[in-house]
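Trainee: Using only what follows, build the 3D model:
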Amino acid sequence: MKDRLKKEQPIVYQTLKNCLKQNRLSHALLFSGPKGTPKLQTALFLAQSLVCEKHQGFACEECDSCRRVAQATYADVIMLDGSQKSIKKEDILNVQHEFNKTALEADGHKIYILNRAENATPEALNSLLKFLEEPSGESTIAILVVEEMDRLLPTIISRCQILPFRPLDQESCCQKAQQQGVSEEDSFLLSHFIKDAEAIAQTAQKETYQKALAGVRYLLSHLLQMEEALIWLQSEVFNDRETMKETLLLFIDLLSAILQDTAKQSDCSIVWIRQEMARIRSLQIDQSRWLLILLSTRDKCSRPFHMGLLLDQMILEMKEVLG
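Mentor: Numbering: from 1, shown residues only. Predicted coordinates:
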């Protein structure tokens with residue numbers, strides 16, 4: 001984990017390294033960042049580092065204490081997981097009750113991790129605030145893991161040392177998705193707007209994604225027959241009212257990704273994408289105007305617009321740019 005953290009999150013790595021070396025770790029840390037960043041893994045790694053039997057900065061991940069933290073059997077490391085259900089007030093009070101007792105492990109550290117802490121109930125957050133204000137001893141450490149920090153109480157945020165996790169770059173995310181068995185094409189395209197390899201793998205399996213991708217390919221191959229393309233899209237891609245919005249959003253994101261790469265003159269190993277990028281350049285399409293049309297349409301998708309009419313308007317506006 002140390003090498004991964006150093007490579008993917010160098011600022012977080014250096015900050016934690018210095019804190020561990022100087023023994024100046026805050027009693028409350030807040031790991032904040034988008035989905036797909038190794039926030040929870042880092043929280044567990046930090047817990048290992050604090051109780052590691054070798055006591056040499058970062059955890060060895062091999063000693064008995066490190067293994068038990070990883071296996072969730074280390075008595076003085078407690079995790080509440082808000083990713084599946086809300087964290088309740090009773091959950092916080094139970095942790096506080098346990099940590100008011102003498103530490104069960106020889107090391108003496110008492111660590112609690114709140115994964116997706118923003119999913120705690122208001123009552124739980126108020127109880128958490130009191131716990132942060134009056135921790136049970138200097139060796140009690142709180143690690144809050146969040147994706148939406150604005151959903152936390154400002155008073156909780158102010159009592160934490162914040163470590164922001166930056167999203168993975170597209171290339172790294174693409175590589176991780178391929179390692180999970182996602183095709184090179186799907187990994188390349190989806191990593192433009194999804195920065196989580198697991199989410200990419202899930203999206204690549206969706207029928208809405210497959211339809212949106214087929215729609216993008218058809219549109220790009222019929223740039224000079226936009227009205228014909230619109231009829232085909234209506235009948236073959238956007239023919240399910242229940243999934244039309246999701247399909248349209250994916251269609252917009254995929255097309256935007258290709259246009260952005262075209263504008264940046266990026267290289268691409270996917271043959272059909274490389275060919276379509278060359279076609280767009282040869283037609284001297286105003287890509288910035290097309291991107292604005294796509295951005296405007298995407299924005300309207302969050303409002304009560306008729307998706308079919310939005311699609312029609314978007315394609316016709318793109319046709320006007322062609323002249």
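
Trainee: so where's the chain uncertain?
Mentor: Applying pLDDT under 70 to the chain flags residues 136-137.

Trainee: Please name the nearest non-neighbouring residue to the residue sitting nearest the centre point of it.
Mentor: Centroid-nearest residue in the chain, with CA atoms, centre = their mean: residue 35, separated by 2.0 Å. Excluding the flanking residues, the one nearest residue 35 by CB to CB, 6 or more residues apart in numbering is residue 196, at 4.9 Å. (Each C-beta comes from the backbone N, C-alpha and C, glycine too.)

Trainee: what residues are up against the one you found?
Mentor: By CB atoms under 8 Å, 6 or more residues apart in numbering, residue 196 lies in contact with 34, 35, 36, 168, 173.

Trainee: picking up where we left off before, isn't the residue nearest to the centre of the chain up against residue 148?
Mentor: No. Using CB atoms under 8 Å, residue 35 is not in contact with residue 148, being 10.0 Å away.

Trainee: now for the top helix by length along the chain, which elements pack on it?
Mentor: Assignment by DSSP state H gives helix 244-264 as the longest helix of the chain. If contacts are counted by 3 or more CB pairs under 8 Å, 6 or more residues apart in numbering; DSSP states H and E, helix 244-264 sits against helix 184-190, helix 207-221, helix 271-282, helix 287-300, helix 307-322.

Trainee: for the residue nearest to the centre of the chain, helix, strand, or coil?
Mentor: Following DSSP: H, G, I helix; E, B strand; the rest coil, the label given to residue 35 is coil.

Trainee: same question, residue 80
Mentor: strand.

Trainee: Would you mind listing the residues in contact with it?
Mentor: 87, 91, 92, 95, 112, 113, 114, 115.

Trainee: Just the element for the third one, please.
Mentor: With elements delineated by DSSP states H and E, residue 92 resides in helix 89-99, which encompasses its position.

Trainee: what sits up against that helix?
Mentor: With CB under 8 Å, 6+ apart as the test, helix 89-99 has contacts from 78, 80, 110, 112, 120-121, 123-124, 126-128, 131, 136-137, 140.

Trainee: from those, which is closest to residue 211?
Mentor: Of all the contacts of helix 89-99, residue 120 has the smallest distance to residue 211: 37.6 Å, by CB to CB.

Trainee: Could you measure from the closest one over to residue 238?
Mentor: Distance from residue 120 to residue 238, counting by CB to CB, to the nearest Å: 39 Å.

Trainee: Could you give me the PyMOL syntax to select whichever of the contacts of residue 80 are buried?
Mentor: Of the contacts of residue 80, the buried ones can be selected in PyMOL as follows, counting by 16 or more other CB atoms under 10 Å:
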select buried, resi 87+91+92+95+112+113+114+115
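
Trainee: could you dump the contacts of residue 80 to JSON lines with distance to residue 266?
Mentor: As requested, those are exported to JSON lines (distance: CB to CB, whole Å):
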{"residue": "87", "distance to residue 266": "43"}
{"residue": "91", "distance to residue 266": "47"}
{"residue": "92", "distance to residue 266": "48"}
{"residue": "95", "distance to residue 266": "48"}
{"residue": "112", "distance to residue 266": "45"}
{"residue": "113", "distance to residue 266": "39"}
{"residue": "114", "distance to residue 266": "40"}
{"residue": "115", "distance to residue 266": "36"}
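
Trainee: So residue 193: helix, strand or coil?
Mentor: Residue 193 is classified as coil under three-state DSSP.

Trainee: any idea how far residue 211 is from it?
Mentor: 17 Å.

Trainee: repeat for residue 81
Mentor: Relative to residue 211, and taking CB to CB, residue 81 is found at 34 Å.

Trainee: Same drill for those two, tell me which one is more crowded.
Mentor: Using other CB atoms under 10 Å as the criterion, residue 81 and residue 211 rank with residue 211 on top: 22 against 15.

Trainee: for the more buried one, what are its contacts?
Mentor: Here residue 211 is in contact with 236, 237, 238, 247 (CB under 8 Å, 6+ apart).

Trainee: Let's see stretch 67-78 as CSV, backbone CA atoms only.
Mentor: C-alpha atoms of stretch 67-78 as CSV (Å, rounded to 0.1, in the frame of the first residue of the first chain):
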residue,chain,number,x,y,z
ARG,A,67,-2.8,-8.6,9.6
ARG,A,68,-5.5,-8.4,12.3
VAL,A,69,-6.3,-4.8,11.3
ALA,A,70,-6.7,-6.0,7.7
GLN,A,71,-8.9,-8.9,8.8
ALA,A,72,-11.0,-6.6,11.1
THR,A,73,-10.1,-8.6,14.2
TYR,A,74,-7.9,-6.0,15.9
ALA,A,75,-9.9,-5.1,19.0
ASP,A,76,-9.0,-1.4,19.3
VAL,A,77,-9.7,-0.6,15.6
ILE,A,78,-13.4,-0.1,14.9
